[in-house]
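**Student:** sequence unknown, structure follows:
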């Protein structure tokens, strides 16, 4: 930065390396700071335009449901980050430490709300994982992001690891019976019978 400029550093950086742009918070870096300024100018230009008198009339008269243009849309951005956990830990940590704070500032500039993306590394308890509910919990969270977010709601990070494929928490009865009938090893059949019980309450 320039002389006298106050710079916040993301990490504990040695004195001799504090001029390296990569160690500065994203909003302090020239290119990213310029994007914030451009977003602010774009919003200023947009809000300075004349309002459509017909839409204003509908809003003032409470006719919001008659015209989708007059209905206030969600300004929330909420995204599900999907990846294997172990081989993308560094990338996820960088998103939390550096990218998300900048996106929150950027969204504020556009009068929007950027919510912390779903971080399932901390959201699934051991008991839920043991009951094979990981996939169900993730799908539920994806659905919530799709419902809440006004824009992008899902991002996939691909690495070198294939990923975790847990057994399903539920199997339709006909499929389960077909599965068991094709298992030759009696020990494996006993294991299936131990882990899966028929739900007779439905």
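**Tutor:** Sure thing, it's come through. This is a predicted model, so every value here is computed, not measured.

**Student:** Report the rounded mean pLDDT for whatever helix or strand residue 41 lives in.
**Tutor:** Following DSSP states H and E, one finds residue 41 within helix 30-47. Averaged over helix 30-47, pLDDT sits at 76.

**Student:** before we move on, what about stretch 182-195?
**Tutor:** 91.

**Student:** So which residues make contact with that stretch?
**Tutor:** 167, 176, 179, 180 (Cβ atoms under 8 Å, 6 or more residues apart in numbering). Every C-beta, even on glycine, is put in place using the N, C-alpha and C of the backbone.

**Student:** Tell me the spacing between the last one and residue 167.
**Tutor:** In other words, residue 180. Plainly put, residue 180 is 14 Å away from residue 167 if you go by Cβ to Cβ, to the nearest Å.

**Student:** So between those two, which is more surrounded?
**Tutor:** residue 180 (14 against 10; other Cβ atoms under 10 Å).

**Student:** Quick check: next helix or strand after the strand or helix carrying the more buried one?
**Tutor:** Per DSSP H and E: residue 180 is located in helix 173-181. Counting by DSSP H and E, the next helix or strand C-terminal to helix 173-181 is helix 186-195.

**Student:** Specify the angle between that following helix and helix 173-181 in degrees.
**Tutor:** Counting by axes from the mean of the first three to the mean of the last three Cα atoms, to 10 degrees, helix 186-195 lies at 150 degrees to helix 173-181.

**Student:** re earlier: got the buried residues for the helix holding residue 41?
**Tutor:** For helix 30-47, the neighbour count (16 or more other Cβ atoms under 10 Å) marks 32, 35, 36, 39 as buried.

**Student:** Which of the contacts of stretch 182-195 scores worst on pLDDT?
**Tutor:** residue 167 (78).

**Student:** Name the helix or strand for it, please.
**Tutor:** Taking DSSP H and E as the definition, one finds residue 167 inside no helix or strand.

**Student:** Past the lowest-mean-pLDDT helix or strand in the chain, which element shows up next along the chain?
**Tutor:** The weakest-scoring helix or strand in the chain, judged by mean pLDDT, DSSP states H and E, is helix 126-130 (a mean of 60). The first helix or strand that comes after helix 126-130 along the chain, using DSSP H and E, is helix 134-148.
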